[in-house]
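1. no sequence on this one, just coordinates:
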């Protein structure tokens, strides 16, 4: 039966509303499976510009395993990722996801220029608190687990860095807080939900730009470790 135009329009409108309702229902179910928004959502279009509707393949939603190249597309604004195993954390490569003037999200690299670590024959073991002298200033040797000892005659932890006398081995100590990693984690590495909003402090050795209290800190936010002001400055 042919309907008058106005009745046909109302019927089509009803069908359109039903179709939209079904579409929203299916979209909601899909979101519950793949996580829409937050860290599970991809907000970067194929050209690198921010686009909430885009979902291009191959764009990382967390830190890549290997350092990215400069201007490579990224998806999490202000996410900073750290790479490398240099005991001098300030000498590690960092990549931060930043927006360009055109609105694209790309990795911006910060690769500090540090002198190579000097060659040194490391002691078989370090005896805590003995102030053992060393003969290779600025050398680093592995300690227990992933901890390190630093050969220096400079001392951190006061209002200013104090340098005097013969260099001695100064060794890192593990963080004992169960919510914190024993050693300073890489920025952008995953942290447990139980550590959310936790700030972890680590006494620093050798950082030329260390805060006056001599600590460096990270906090667990949005599932990753981020740089944070140390507790001694708060």
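-> Arrived safely. Not measured: the values here are computed from a predicted model.

2. From now on I want contacts and neighbour counts done on CA atoms only, so please keep to that.
-> Will do.

3. I'd like to know the average pLDDT value across the helix or strand harbouring residue 149.
-> Assigned by DSSP states H and E, residue 149 falls within strand 148-155. The average pLDDT for strand 148-155 rounds to 89.

4. ditto for stretch 89-97
-> 93.

5. What's the local residue count around the residue nearest to residue 161 when sequence neighbours are not counted?
-> Using C-alpha to C-alpha, 6 or more residues apart in numbering and skipping the chain neighbours, the partner closest in space to residue 161 is residue 155 (5.7 Å). The tally of other residues near residue 155 (other C-alpha atoms under 10 Å) stands at 16.

6. element containing residue 179, please.
-> Per DSSP H and E: residue 179 is located in neither a helix nor a strand.

7. The closest residue to it other than its chain neighbours: what's it in contact with?
-> In space, residue 179 comes closest to residue 195 once its chain neighbours are excluded; the distance is 5.1 Å by C-alpha to C-alpha, 6+ apart. With contacts defined as C-alpha atoms under 8 Å, 6 or more residues apart in numbering, the neighbours of residue 195 are 179-180, 220.

8. still on that earlier bit, the residue nearest to residue 161 and residue 166 touch, don't they?
-> No. Using C-alpha atoms under 8 Å, residue 155 makes no contact with residue 166, being 11.7 Å away.

9. Specify the beta-bridge partners of residue 221.
-> residue 224 (DSSP bridges).

10. Next, find the distance separating it from residue 188.
-> Using C-alpha to C-alpha, to the nearest Å, residue 221 is found at 10 Å from residue 188.

11. now swap in residue 195 and tell me
-> Distance check for residue 195 against residue 188: by C-alpha to C-alpha, it reads 14 Å.

12. do residue 176 as well
-> Between residue 176 and residue 188 the computed distance is 21 Å (C-alpha to C-alpha).

13. What ranges does the protein have for its helices?
-> 5-34 (DSSP state H).

14. quick one, domains of it?
-> Per the record, the chain has its domains at 38-114, 140-233, by automatic domain parsing.

15. Ok, which of those comes nearest residue 121?
-> domain 140-233 (8.5 Å; C-alpha to C-alpha).

16. what sits opposite the residue nearest to residue 161 in the beta ladder?
-> Applying DSSP bridges, one finds that residue 155 bridges with residue 162.
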